[in-house]
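>>> Please work out how this folds:
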Amino acid sequence: MKKNVLAFLVMMFCLSALGAEHVKFSVDGTERCYNQLRIVNCTGQEFDCTAYVLEKRGESFIASAPLGVFHLKNGNEYDSCTKLIYKGTNIGIDIPESAGQVSYVVSYKDYPLFDIIEVSLFDGESLLGKEF
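The predicted structure is shown next:
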């Protein structure tokens, strides 16, 4: 009985992961390191997402450490976590399927006490890199 319940839970987790949107980028701002990751929700959806440090293995990226869980309401709501993140670090954000298709923009902000990596999430597909 325990095996059946465990198999069902693993199957549900895997199915939810298949529908999730994944955002990944490498930190390449002007600072040597940043001490805050901020995610701004510019979509019309409310959702939670999780950010990870990614380790490159061959041609793929593997989540090696969690950075935090972000609770985002709609309407330019943001959430942040304070961690030391070095330039060149690969970051991945797991966005649930309920958020729909999202595009993102990464920006870097330099304040007196904080150097921030800001990831803004938008509804729909990005026009960046596409022909007008």
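>>> Please look at Val40 and Ser120 and confirm they touch.
Yes: under the contact definition of Cβ atoms under 8 Å, Val40 touches Ser120, with a separation of 4.5 Å. Yep, even glycine has a C-beta here, placed from its N, CA and C like the rest.
>>> what sits opposite Asp79 in the beta ladder?
The bridge-partner assignment for Asp79, based on DSSP bridges, gives Ile39.
>>> burial count for it?
Taking other Cβ atoms under 10 Å as the criterion, the count of residues near Asp79 is 17.
>>> all helices of the chain, in order?
For the chain, the helices defined by DSSP state H cover 2-18.
>>> Where does pLDDT dip in it?
1-20, 125-132 (pLDDT under 70).
>>> so who does the residue positioned nearest the centre of the chain touch?
For the chain, the residue sitting closest to the mean C-alpha position, by Cα atoms, centre = their mean, is Ile93 at 1.9 Å. If you count contacts by Cβ atoms under 8 Å, 6 or more residues apart in numbering, Ile93 has them with His22, Val23, Lys24, Ile39, Cys49, Thr50, Ala51, Tyr52, Tyr104, Val119.
>>> Also Cys81?
Going by Cβ under 8 Å, 6+ apart, the list of residues near Cys81 reads Gln36, Leu37, Ala51, Leu67, Gly68, Phe70.
>>> can you pull out the strands in the chain?
Listed in chain order, the strands of the chain (DSSP state E) span 21-26, 33-34, 36-42, 47-57, 60-72, 77-81, 85-86, 90-95, 102-110, 115-123.
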